[in-house]
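J.: when you get a sec, could you give me coordinates for this:
(chains A and B)
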Amino acid sequence: MSKLVYLVPLFPLIGFLINGLGRKSLSKSLIGIIGSGAILASFVVSLVLFFDVKAHGGSVVSYFNFIDVESFKIAFAFQVDQLSSLFLLIITGIGFLIHLYSTSYMHEEEPQHFGRYFAYLNLFVFSMLLLVLGANYVIMFIGWEGVGLCSYLLIGYWFKNENYNYAAKKAFVMNRIGDLGFLLAVFWIITRLGTTNYADVFANAAHLSKFDATVITTLLFVGAMGKSAQIPLYTWLPDAMAGPTPVSALIHAATMVTAGIYMIARSNALYSLAPFTQHLVAIIGLATALFAATIAIKQNDIKKVLAYSTVSQLGYMFLGLGVGAYTGAVFHVMTHAFFKALLFLGAGSVIHAMHHEQDIRMMGGLKKKLPITHITFLLGCLAIAGIPPFSGFFSKDEILAAAYAESPIYWGVGVVTAGLTAFYMFRLYATTFLGQFRGTHEQEHHLHESPSAMTIPLVVLAILSVLGGMVGVPEILGGHHELHHFLSPILTTEHEHHIEHNVEFGLMAASVILAALAIAFAIGRYSKKPELNDANGFGKVLANKWYIDELYDAIVVRPLNAIATFLKNIIEKSGIDGIVNGVGKLVNYSSRQLRLLQSGLVGNYILIMVLGIVVFILIWFYDTTILRMIGKIF
Amino acid sequence: MPIQYYIYLALALFSIGIIGVLVRRNAIIVFMCIELMLNAVNLLLVAFSKMHHGVAYATDKASTVGIDGQLFVFFIMVVAAAEVSVGLAIIVMLYRNTHSVDVNFLNRLKN
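T.: Below you'll find the predicted structure:
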């Protein structure tokens, strides 16, 4: 069965080639069918693989040697196991829904750009599948770079807008910083272990010195910081909202940002050897979660709020990874993929209905006009806020319980963040859907529910968001936590702590009550009179994202620009150019001087000749003395 | 006669030749000075040839060592004669064109 695995990335690749090459001749409906159909086909194969893995366990399928140098070989191999098959389902399943949604959302585009869009989208999914399927770090790196490239292409999809291009470049550069860390980690692994295959690396991980393990995991984590938008490399993700909304959904839910989580979960054997890195991961994750949540409170762009909530949720996942709750982190990736895709697509539906208005202050009262979007969005908000029995509750609680076992401080910050999450999500919900409509008359006139190609994915995702948590119901709530058992062959569990059941109940109750209070407060406060003015005081700091972009601008961008200007104006112009021009001028000048020797007077020539002969004779006679003098000088 | 005398004489002739070439402007004098230098060299060749031959002759009556120097002299004289005829022809043409035999008038090709 696992021989079929090559089909999974092949379908999107074919879709990419057909749509990319035929974008000028294919009709829009055909492009949509090819683009979505390719992902659907991958999804079907992924399902088959998933059940095969569930029944028979994982395997590695090797195709050919990608790099073959003497004894060092890197195979182009795919690893189908519990972790990768789960990710395959998330990527292709949610990817398909997003493709389906895009056929309707993007239908106003010209056929040529429509084809380009779907080609990029397919390539994106292809890269992510490669990343997840690779059986060694090098194949993962190919996919890793691929998603970076595709995110650049899709964020800058509307390339006529200079700001969007800037956002695309920012995403690419930020990712490159992280990629460097990843690359160094791979090199380090190769020098220490001589292989990049997961199986060999993890089997020999115990031979690594503590220092090596710490360096490798830290460098890998730097890569994850870039891709999964953690402090300090998170600023690209909110800017990535420049892309079309389904792209945001794809980046945030199915592809790209989960890559970092996947990579660390995959490398859990290495991380278990490096407690220092684990603490680092947990602290960075927690800081990011809290930090991004505070920013999200004051954002007024519907997509920006969701973007910061993604950054925050990713922080949660890293917290889970850092405290050894790998299953919890992967679980949260899954549930987050459901509800974040739902929320983004819901936001897209709102934006579509509002004619590309993204400012929530201009919305309000959309509840009646967009019933399906409203209901599904509400379910998504409940899921992300961690209200039982929605999916987010189970995954978030698993991470929080593990965090409590590690340190109650982690738990405390995590719960505060959960409360903030509930607050800003329902602030968004209340401002958008409740109260009175605040847009223009024209917008109000055109308000309509989106077509079924957009609402069907919403409904499917809403069902998943509600029920998705059922695969990971913890034992104290009478479940079996199937996901945990499913993933246990891949993820180490030695670091998982077990806490008393009544303590765990207490923790759950605390987080749920806090979330419920936050929701009640947010709805009470924002449904009647939303804040329409610009924030001031501390709120202004939050609205301006803690001025982090400005800070980066001041400490990185502007000094670099200054150095570049200095090099250009001083070093280049007067240094390099000076040398080049100087050589030219010197030749010019010296030849002008030498020209004077050509006086045309025979006597002069003879004199020079005679002097030359005399000099030669002198050299002839005193050659040893001259050589000795030269020797002394040098 | 010791070889030194020949060397001093040849040196004197050669120096006179060089100085003449350098300081005089009359083409014919310059020409003569060149001849002087050539003959200084000829003189040396003959002197050294005689010296070597004399040494070898003392032990072997049939020795031909050193005679190639004298042969060279003949070659030089022949070539110099040819050169003199060409050179004098040039000087005659120079005089016809410029009514002068001043070598400094020969810079007409300049520029």
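
J.: from now on I want contacts and neighbour counts done on CA atoms only, so please keep to that.
T.: Fine.

J.: low-confidence ranges in chain A?
T.: Where chain A drops to pLDDT under 70, the residues are A:1-2, A:478, A:493-498, A:530-532, A:535.

J.: surely residue A:66 is within a strand?
T.: Yes - counting by DSSP: H, G, I helix; E, B strand; the rest coil, residue A:66 is part of a strand.

J.: wait, what's in contact with it?
T.: By CA atoms under 8 Å, 6 or more residues apart in numbering or on different chains, the contact set of residue A:66 is A:73-76.

J.: just the buried ones from these?
T.: By neighbour count, with 16 or more other CA atoms under 10 Å in any protein chain shown, the contacts of residue A:66 hold A:74-76 as buried.

J.: my read is that residue A:336 contacts residue A:254, right?
T.: No - between residue A:336 and residue A:254 there is no contact under CA atoms under 8 Å: 9.3 Å.

J.: closest one of the buried ones among the contacts of residue A:66 to chain B?
T.: residue A:74 (72.7 Å; CA to the nearest CA).

J.: secondary structure element for that closest one?
T.: Per DSSP states H and E, residue A:74 falls inside strand A:72-80.

J.: low pLDDT regions in chain B?
T.: Residue ranges of chain B with pLDDT under 70: B:107-111.

J.: tilt between the following helix or strand past the strand holding residue A:74 and strand A:72-80?
T.: Under the assignment DSSP H and E, the closest C-terminal helix or strand after strand A:72-80 is helix A:82-105. With axes from the mean of the first three to the mean of the last three CA atoms, to 10 degrees applied, the angle from helix A:82-105 to strand A:72-80 works out at 70 degrees.

J.: doesn't residue A:62 fall inside a strand?
T.: Yes - assessed with three-state DSSP, residue A:62 lies in a strand.

J.: what about the residue lying closest to it once chain neighbours are set aside, distance to residue A:54?
T.: With CA to CA, 6 or more residues apart in numbering or on different chains as the criterion, residue A:62 has its nearest non-adjacent residue at 4.0 Å, and that residue is residue A:77. The gap separating residue A:77 from residue A:54 is 20 Å, by CA to CA, to the nearest Å.

J.: and residue A:459, by the same measure?
T.: Counting by CA to CA, the gap from residue A:459 to residue A:54 is 27 Å.

J.: OK, contacts around the residue most central in space within chain B?
T.: Among the residues of chain B, the one closest to the centroid is residue B:38, at 1.0 Å (CA atoms, centre = their mean). Taking CA under 8 Å, 6+ apart as the criterion, residue B:38 is in contact with B:14, B:76, B:80.

J.: which parts of the helix or strand hosting the second one are buried?
T.: With secondary structure defined by DSSP H and E, residue B:76 is part of helix B:67-98. Residues B:67, B:69-70, B:73, B:76, B:80, B:84, B:87, B:91-92, B:94 are the ones in helix B:67-98 that count as buried (16+ other CA under 10 Å).

J.: what does stretch A:588-602 give?
T.: Quick answer for stretch A:588-602 (16+ other CA under 10 Å): A:600-602.

J.: now, which of these lie close to chain B?
T.: Filtering the buried residues of stretch A:588-602 for proximity to chain B (criterion: CA under 8 Å from any CA of the partner chain) leaves A:600-602.
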